[in-house]
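1. my questions are about this predicted structure, shown below with the sequence.
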Amino acid sequence: MGGWCVGAPSPRRSMMISSSSPGPRVVLRVAIDAPDSGRSRETMHRRLGATPVAGRDRPSFRPSGIRYFIRHQWSDGPFIAWRRGISRLFSPCRLDTRRRSRLVSCSRRIATKSLRRAARSIVVMIGAVFALLIVGMALFAGGLAPYPPDEQNFDLIEAKPGAKALFGTDRFGRDVLSRVIYGARVSLYVAVTSIGLAMLVGGALGLTAGYAGGVWDNAINRVMDVFFSIPGLLLAVGVAAMRGPGVNSAVVAITIVYTPLFARVMRGPVLAEREKEYIEAVRALGAGRLVVAIKHLLPNVLSPFVVQGTVAFSQAILIEASLSYLGLSAQPPTPSWGNMLNEGRTYLETAPWISVFPGVAIMTAVLAFNLIGDGLRDILDPNA
């Protein structure tokens, strides 16, 4: 195939592109705005993505967009091929493979650097160790628990901690250690599900309010203010009471409590980021509002959002325990740290271990995820 040659700009401030291959001769005239100089001509050729052709006395170039036009688009007809080839050649939003790989490697370096800083943080590592222990305890409860959580042994009613029962037994002869291990499943399930839903819904609302502004911002903020006017625990108790006791009621209640918080956390950084120059540049390139919001805004406002999610996770465990204590979450005989506290409150003088060990489990879980959240705040959001 003969090469495509790009001629020098003429006084009419245009560029001639012609084919040297046999067959129908096609001449394309492309308007430019650069002055007629060698330097501007080289700059123009670089912007076109052209490559120099060896063995010529004067600079001659072969744009990659024209090669695409010849190889893939000629069969559609000269006019359609010309239109597609030129639009591909001058598309401002299309990155070549080298630039795309460079951006990906830069993002990976930033993520690796953040992970290394997190690994060097003593606070994060301590919290991560305890959090992994609790998560592992919930995932492998069947193999770790010495007894089934609802197995009753009437020979060991309210037995003190010992060789047969490391954490003792309750008033029905059930092993407290086994119930604490299985109770982690309920607490983590409620926390993960409710905080995940709250982050999804609240993040979408906050992104919409911050980027769209105007009527959307006012409407979403007024609704969020209504929820903020009610204390979180009181709102959770009210929602769970209206739905009836159960694990799903606890999930819905905690989701409603934390959705306004995540919406507010997302909205603030979006308001600051949407006025920056790179957002204006993306808009000028013709990107749609949804593309700008999800592809360009969202990755740059996730740091405080993730930190808030970690802190809210620990608070969700505490709220679930409170709802279980009040009888609004998991119901007996399903083990839950909150209902174990409720069952042991009348035996604090005679059998305190029934309540002490579930309380220690709640404290450890909340402390672990709080430490992770504080460490991530120092790493990802140092200006907070």
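-> Yep, that arrived. Numbering: from 1, shown residues only.

2. all contacts plus neighbour counts: C-alpha atoms, from now on.
-> Fine.

3. any idea which helix is longest in the protein?
-> Of all the segments of type helix in the chain, defined by DSSP state H, the longest one is helix 176-212.

4. next, the buried residues of it.
-> Buried residues in helix 176-212, counted by 16 or more other Cα atoms under 10 Å: 176-188, 190-191, 193-199, 201-212.

5. again, but for stretch 274-281
-> Using 16+ other Cα under 10 Å as the test for burial, stretch 274-281 gives 274, 279.

6. quick one: contacts for residue 128?
-> Under the criterion of Cα atoms under 8 Å, 6 or more residues apart in numbering, the contact partners of residue 128 comprise 368-369, 372.

7. give me the three-state assignment for residue 335.
-> What DSSP: H, G, I helix; E, B strand; the rest coil gives for residue 335 is coil.

8. list the contacts of the residue nearest to it when sequence neighbours are not counted.
-> Distances taken as Cα to Cα, 6 or more residues apart in numbering put residue 183 closest to residue 335, at 4.9 Å, once the chain neighbours are dropped. Residue 183 makes contacts with 138, 334-337, as judged by Cα under 8 Å, 6+ apart.

9. again, but for residue 216
-> With contact set as Cα under 8 Å, 6+ apart, residue 216 has these partners: 208-209.

10. now it: which helix or strand?
-> Secondary-structure assignment from DSSP states H and E places residue 216 in helix 214-228.

11. list the buried residues of that helix.
-> Within helix 214-228, the residues scored as buried using 16+ other Cα under 10 Å are 217, 220-221, 224, 227.

12. correct me if wrong, but residue 307 is in a helix.
-> Yes - residue assignment for residue 307, taken from three-state DSSP, places it within a helix.

13. if I look at it, how far off is residue 189?
-> To residue 189, residue 307 is 20 Å away according to Cα to Cα, to the nearest Å.

14. now do residue 324
-> Looking at residue 324 against residue 189, where the rule is Cα to Cα, the gap reads 13 Å.

15. go on, residue 218?
-> 34 Å.

16. ditto for residue 261
-> Taking Cα to Cα, one finds residue 261 at 20 Å from residue 189.

17. re earlier: let's see the helix holding residue 216 as CSV, backbone CA atoms only.
-> Extracted as CSV, the C-alpha positions of helix 214-228 are listed here (Å, rounded to 0.1, in the frame of the first residue of the first chain):
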residue,chain,number,x,y,z
GLY,A,214,-30.2,23.8,41.6
VAL,A,215,-33.5,22.1,42.3
TRP,A,216,-32.0,18.7,42.8
ASP,A,217,-29.6,20.0,45.4
ASN,A,218,-32.3,21.8,47.3
ALA,A,219,-34.7,18.9,47.3
ILE,A,220,-32.2,16.3,48.4
ASN,A,221,-30.8,18.5,51.1
ARG,A,222,-34.2,19.3,52.6
VAL,A,223,-35.1,15.6,52.7
MET,A,224,-31.8,14.8,54.4
ASP,A,225,-32.3,17.6,56.9
VAL,A,226,-35.5,15.9,58.0
PHE,A,227,-33.6,12.7,58.8
PHE,A,228,-30.8,14.6,60.5
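
18. no further questions, thank you.
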